[in-house]
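Enquirer: give me coordinates for this.
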Amino acid sequence: MKKFTLASLVLVMALAVLSFGFVTVGNNYAAADGIALTEEIMLQNPNKLLPAPYHPGAERLNIANNQISSWEDGNFYYNDEVDSVQFHFTAKKDSGQSMLFVGLHVAQYSVPWASTGYFAFVQNKVVGLYKIDGSKSNWEEALLAEKVTASTNIFDGNTHAISFAVSGNSLTFSINSESLTLPFEGDPIPVENTELSMSANGPFVYMVGEPAATEKEYTGEYTNLEELIKSGAIRPDYNYDSVGNNYFNTIENGYVLSNGCLMSFSASLTAVTFDITVTEGNSMFFAMRARNGGNIWDMTGGYIVWLNGTTFKFYDASEKWADSPVILTTLDVNIFDRNSHNIRMYAFDDEKGNVHAGFSVDGGAFFKIIDNSNPVYLTEHTEFYMNNVNDGTVRYKVTAPEGTAHAYGEPNVVGPTCTEGGYTEQVCADCKKMVITNETEATGHSYDAVVTEPGCISGGYTTYTCSTCNDSYQADFTEETGHSYEAVVTEPKCGEKGYTTHTCGGCNDSYVDSYVDALEHNFVAGEVVEPSCTAGGHTVYECTNCDATENRDITEQLEHNYVEISRTEATFDNPGEIVYECEHCKDQQTEEIPVLEEAKPLCVASVGTEVLFVMAALAALVLLFGKKVNN
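Expert: Predicted coordinates:
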């Protein structure tokens, strides 16, 4: 079988057998015959953590700072009889997205994917659980039920609580508060000779153990140098004294005046505060160190700040002068400006063995470092140390800060939240010390549930949202319902195919099938439209399958044929008319007859002299002509 690309291992067991799917449960683990393995047990028995010899990456296993880490192709076993496992797991973000977890692994030192045992394979959020005991021919057959999607991606770079366990005939795998429990067939694999196995085959970086600590700021009391001066704890450092090197310091009126001297305040210190005025020079060291003596460049234990003008360097000098500082930056203030400046410095170790160191100027924010690789513990015989960096021109005056009592400001009440307790804090205006009082417990989440019903292609789930802080998660997953289709048949038409449309009643998803060929037109003769004087004639053919029509058997348009149908004669007073009508379309046209003209007698009185003369002449000619005829 193909090797898996993997990134981490974490496991635990719940006693109750749950339904398929991730559910939110409380962790309640119990061992059967083997041990209930935890990260604490593994760290307490490192001799049982064995690199896997079958793979080239077996040597990539490291145990340090209460953590088990592996990288690249690292693989390892915990050699003991184990039936449940639980611990914290952190994968470096973007270093991989899949991991094989082997809860019980019988065939010692053989490859996990060819062994007998119980397995969990996680890829992104998808989890598959397997029981491999020789009864199945391949891994897919050994898969218990279907793979399940969790709500958490354990490869997101955060720390997650993982568990893996066997109880009776069921197998449980958990991520944080979510658990997947699946039953299996056949007898359980005997615990005898079983072991835990982690296997990776890819570019992974992962860690087993509590998450790495973060920087903490000191909140306790600060010792001011006035107290050390009065106690006589101040002295030249490492034989640098007024006799051999012409460096000296004096105590006058409660302050220290130094002529370039290296000084240490030998006492059991955690944090110091003082005012310093540098009158000459531009470079100094300040250190919290574990023992007296030794030069700064071969110092065997401590945490050092080097100020050179405004250049700030913070060193972890646990062995000797560091090659490079942990913090390198530029300050906004220059303590060598010949004015007085307040210095605060601390170094302490926490309950997990990490050392925290911090440095502040003039009440500003602390520069903080955390040392958990090779910490120098400063709980006893710690001293504060100042060094002029071999510059004999350095001159400075050290005094105690003004005021001996804390000047606490108004209390700031921080109410409890769902995940963090409440408290009241007050900060000293002089030294910035903070005191915490009136602590209360966290209120816990108050979740409201909103159910999202399953859809045709998506499962349902319940979203739990905290009404106080809006934190939310999803659980109670249900499977999708699938589509429920109803069919509607569309009959074929002339020029259009027929088909069946299937529509889902749940989501309106639809598809079309069962196509039927389109019909052809079937025209038959119908109404005959005769020709007229204004349009030709035709026969209307109608399709018996649809409403389509065609005009066929076209005849030409007729000519008008007008005949007289009536006449009104004209008179001397009114015109007459003749009415003509077309024999085909009954269109009518009218012809007007003009008014008659009537002859009237002449009136002599109205005739002029010239007319009378002409008429008389004509009469004379007639008489003359008549006489000639008679003759």
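Enquirer: rest of the way, CA atoms for contacts and neighbours
Expert: Fine.
Enquirer: how are the strands of the stretch 451-600 of the chain distributed by residue range?
Expert: 460-466, 472-478, 485-490, 498-504, 510-516, 523-529, 537-543, 549-555, 562-568, 576-582, 588-593 (DSSP state E, counting those that start in this stretch).
Enquirer: quick one: which of these is nearest Lys48?
Expert: Lys48 lies closest to strand 472-478 among the strands of the stretch 451-600 of the chain, at 37.7 Å (C-alpha to C-alpha).
Enquirer: how about that closest one: buried residues?
Expert: Gln474, Ala475, Phe477, Thr478 (16 or more other C-alpha atoms under 10 Å).
Enquirer: which strands and helices lie in contact with it?
Expert: For strand 472-478, the packing partners by 3 or more C-alpha pairs under 8 Å, 6 or more residues apart in numbering; DSSP states H and E come out as strand 23-24, strand 460-466.
Enquirer: each with direction, which strands does it pair with?
Expert: Using DSSP bridges, strand 472-478 pairs in its sheet with strand 460-466 (antiparallel).
Enquirer: need the residues that contact the strand it pairs with.
Expert: Here strand 460-466 makes contact (C-alpha atoms under 8 Å, 6 or more residues apart in numbering) with 445-454, 471-480.
Enquirer: average pLDDT across that strand?
Expert: Computed over strand 460-466, the mean pLDDT rounds to 93.
Enquirer: could you dump the buried residues of strand 472-478 into TSV and include pLDDT and distance to Thr534?
Expert: Below are those laid out as TSV (pLDDT from 0 to 100; distance: C-alpha to C-alpha, whole Å):
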residue	pLDDT	distance to Thr534
Gln474	91	82
Ala475	90	83
Phe477	91	80
Thr478	91	78
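Enquirer: would you put the C-alpha positions of stretch 116-125 in CSV?
Expert: C-alpha atoms of stretch 116-125 as CSV (Å, rounded to 0.1, in the frame of the first residue of the first chain):
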residue,chain,number,x,y,z
THR,A,116,-1.9,-5.4,12.9
GLY,A,117,-3.6,-2.7,15.0
TYR,A,118,-6.0,0.2,15.2
PHE,A,119,-5.3,3.2,13.0
ALA,A,120,-6.7,6.7,12.5
PHE,A,121,-5.8,8.6,9.3
VAL,A,122,-6.5,12.3,9.3
GLN,A,123,-6.3,14.4,6.2
ASN,A,124,-7.3,18.1,6.5
LYS,A,125,-10.6,17.6,8.5
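Enquirer: re the thing from before, quick check: which of the strands of the stretch 451-600 of the chain is nearest to Gly220?
Expert: Taking the strands of the stretch 451-600 of the chain one by one with C-alpha to C-alpha, strand 460-466 is closest: 35.4 Å.
Enquirer: same list, the helices and strands packed on strand 472-478, but as TSV with distance to Asn169 please.
Expert: Formatted as TSV, the helices and strands packed on strand 472-478 follow (distance: least, C-alpha to C-alpha, whole Å):
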stretch	distance to Asn169
strand 23-24	19
strand 460-466	28
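Enquirer: quick one: closest of these to Val414.
Expert: strand 460-466 (19.8 Å).
Enquirer: can you pull out the low-pLDDT segments for the stretch 351-500 of the chain?
Expert: 352, 373-374, 378-381, 388-394, 400-407, 430-433 (pLDDT under 70).
Enquirer: after the lowest-mean-pLDDT helix or strand in the chain comes which helix or strand?
Expert: One helix or strand of the chain scores below all others by mean pLDDT, DSSP states H and E: strand 23-24, with a mean of 48. Using DSSP states H and E, the helix or strand that follows strand 23-24 in sequence is strand 35-38.
Enquirer: quick one: average pLDDT of that next one?
Expert: On average, strand 35-38 scores 81.
Enquirer: pull up the pairing partners for it, direction included.
Expert: strand 82-91 (parallel).
Enquirer: so can I have CSV of the buried residues of strand 472-478 showing distance to Gly536?
Expert: Converted to CSV, the buried residues of strand 472-478 look like this (distance: C-alpha to C-alpha, whole Å):
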residue, distance to Gly536
Gln474, 80
Ala475, 81
Phe477, 77
Thr478, 75
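Enquirer: could you identify the most distant pair in the residues you listed?
Expert: Maximum distance among the buried residues of strand 472-478 (C-alpha to C-alpha): 11.4 Å, for Gln474 and Thr478.
Enquirer: is Leu621 in a helix, a strand, or coil?
Expert: In three-state terms, and counting by DSSP: H, G, I helix; E, B strand; the rest coil, Leu621 is helix.
Enquirer: and it, how close does it get to Met615?
Expert: Distance of Leu621 to Met615, computed by C-alpha to C-alpha, to the nearest Å: 10 Å.
Enquirer: repeat for Thr329
Expert: On the measure of C-alpha to C-alpha, Thr329 and Met615 end up 150 Å apart.
Enquirer: picking that back up, of all the helices and strands packed on strand 472-478, which one comes closest to Thr38?
Expert: Nearest of these (C-alpha to C-alpha): strand 23-24, 21.1 Å.
Enquirer: endpoints of stretch 171-183, how far apart?
Expert: For stretch 171-183, the end-to-end distance is 6 Å (C-alpha to C-alpha).
Enquirer: can you pull out the strands in the stretch 101-250 of the chain?
Expert: Counting by DSSP E, counting those that start in this stretch, the strands of the stretch 101-250 of the chain are 117-123, 126-132, 148-149, 159-167, 170-175, 178-183, 196-199, 204-208, 223-224, 234-236, 248-252.
Enquirer: correction: the stretch 251-400 of the chain
Expert: Going by DSSP E, counting those that start in this stretch, the stretch 251-400 of the chain shows strands at 255-259, 263-266, 271-280, 283-289, 302-308, 311-316, 327-330, 340-349, 355-361, 367-371, 383-387, 395-399.
Enquirer: now mean neighbour count and distance to Glu141 too, for those strands, in a markdown table please.
Expert: A markdown table is the format used below for the strands of the stretch 251-400 of the chain (neighbours: other C-alpha atoms under 10 Å; distance: least, C-alpha to C-alpha, whole Å):
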| stretch | mean neighbour count | distance to Glu141 |
| --- | --- | --- |
| strand 255-259 | 20 | 81 |
| strand 263-266 | 22 | 71 |
| strand 271-280 | 20 | 64 |
| strand 283-289 | 23 | 63 |
| strand 302-308 | 24 | 59 |
| strand 311-316 | 20 | 55 |
| strand 327-330 | 13 | 55 |
| strand 340-349 | 23 | 53 |
| strand 355-361 | 23 | 52 |
| strand 367-371 | 21 | 49 |
| strand 383-387 | 23 | 67 |
| strand 395-399 | 21 | 78 |
